[in-house]
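# Got a sequence here, can you build the structure:
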Amino acid sequence: MEPKQLGNPVPLGLGAFASTTWLLSMVNAGWFDEKSVVVVLSMALVFGGAVQAIAGIIAFMRGNTFPGVAFLAYGAFVGWYLFLWGVFSFYMWIATFRHNTVLQLTFLAVWITFLLLAAGDWFGIPVLHTAGGYLGLVAAAFAGYLSAAEIINADFGRTVLPVWPYA
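Below is the predicted model of the structure:
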């Protein structure tokens with residue numbers, strides 16, 4: 001009997017990232033007050049944290065370093081170390097240059113989101129924090145789209161949702 005190959009963890013990890021980022025970004029954009037962070041935190045610990053960590057481990061087991069690093073790192077994000085996460089996201093964005101355009105746009109939005117949030121906190125400029133929240137919504141939308149594209153395209157065996165590969 002032949003051993004089963006592990007399934008692709010990327011759609012699951014992206015879905016966990018997208019949904020958690022969406023919730024947090026709604027708070028950061030000012031759609032909800034800080035009391036809503038409790039809901040975000042519970043989502044972040046379970047779906048955004050544990051599920052992304054599982055997806056990262058499976059990615060490593062499949063020999064896929066980029067999603068392994070991304071999902072394990074973002075799955076561990078529970079503090080407000082915004083600037084450092086911006087730096088980490090920046091070099092992850094550079095690594096996406098070898099991947100599809102939607103992933104590139106996701107990480108571009110993510111690193112700028114973290115830097116806007118950090119600058120808003122550092123300098124007491126609420127509009128930067130709000131802008132970071134809105135850009136986080138954009139990042140979540142890109143990640144959600146890519147999650148859907150990965151799973152739908154794989155199941156159909158053809159491109160249904162394009163991700164625009166790099167040239």
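# What's the separation between Ala143 and Trp122?
With distances defined as CB to CB, to the nearest Å, the gap from Ala143 to Trp122 amounts to 26 Å. All C-beta spots, glycine's among them, are computed from the backbone N, C-alpha and C.
# more crowded one of these two?
Neighbours around Ala143 and Trp122, counted as other CB atoms under 10 Å, are more numerous at Ala143. The numbers are 28 against 11.
# If you count residues, where's the longest helix of the chain?
With residue count as the measure and DSSP state H as the assignment, the chain has helix 126-156 as its longest helix.
# Give me the buried positions along that one.
Neighbour-count burial for helix 126-156 flags 128-151, 153 (criterion: 16 or more other CB atoms under 10 Å).
# Repeat that for stretch 112-120.
Within stretch 112-120, judged by 16+ other CB under 10 Å, the buried ones are Ile112, Thr113, Phe114, Leu115, Leu116, Leu117, Ala118, Ala119, Gly120.
# Check the offset of that stretch from the chain's centre.
On the basis of CA atoms, centre = their mean, to the nearest Å, the separation between the geometric centre of stretch 112-120 and that of its chain is 15 Å.
# export it as PDB, just CAs?
Provided in PDB are the C-alpha atoms of stretch 112-120 (Å, rounded to 0.1, in the frame of the first residue of the first chain):
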ATOM      1  CA  ILE A 112       2.700  48.400   4.900                       C
ATOM      2  CA  THR A 113      -0.300  47.700   7.300                       C
ATOM      3  CA  PHE A 114       2.100  46.900  10.100                       C
ATOM      4  CA  LEU A 115       4.200  49.900   9.500                       C
ATOM      5  CA  LEU A 116       1.100  52.200   9.400                       C
ATOM      6  CA  LEU A 117      -0.200  50.700  12.600                       C
ATOM      7  CA  ALA A 118       3.200  51.100  14.300                       C
ATOM      8  CA  ALA A 119       3.600  54.700  13.100                       C
ATOM      9  CA  GLY A 120       0.100  55.600  14.200                       C
END
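# what does that stretch contact?
Outside stretch 112-120, the residues within contact range by CB atoms under 8 Å, 6 or more residues apart in numbering are 25, 28, 82-83, 85-86, 89, 125-133, 135-136, 139.
# who does the lowest-mean-pLDDT helix or strand in the chain touch, helix- and strand-wise?
The helix or strand of the chain with the poorest confidence is helix 37-43; it has a mean of 84 (mean pLDDT, DSSP states H and E). With contacts defined as 3 or more CB pairs under 8 Å, 6 or more residues apart in numbering; DSSP states H and E, helix 37-43 has these neighbours: helix 10-28.
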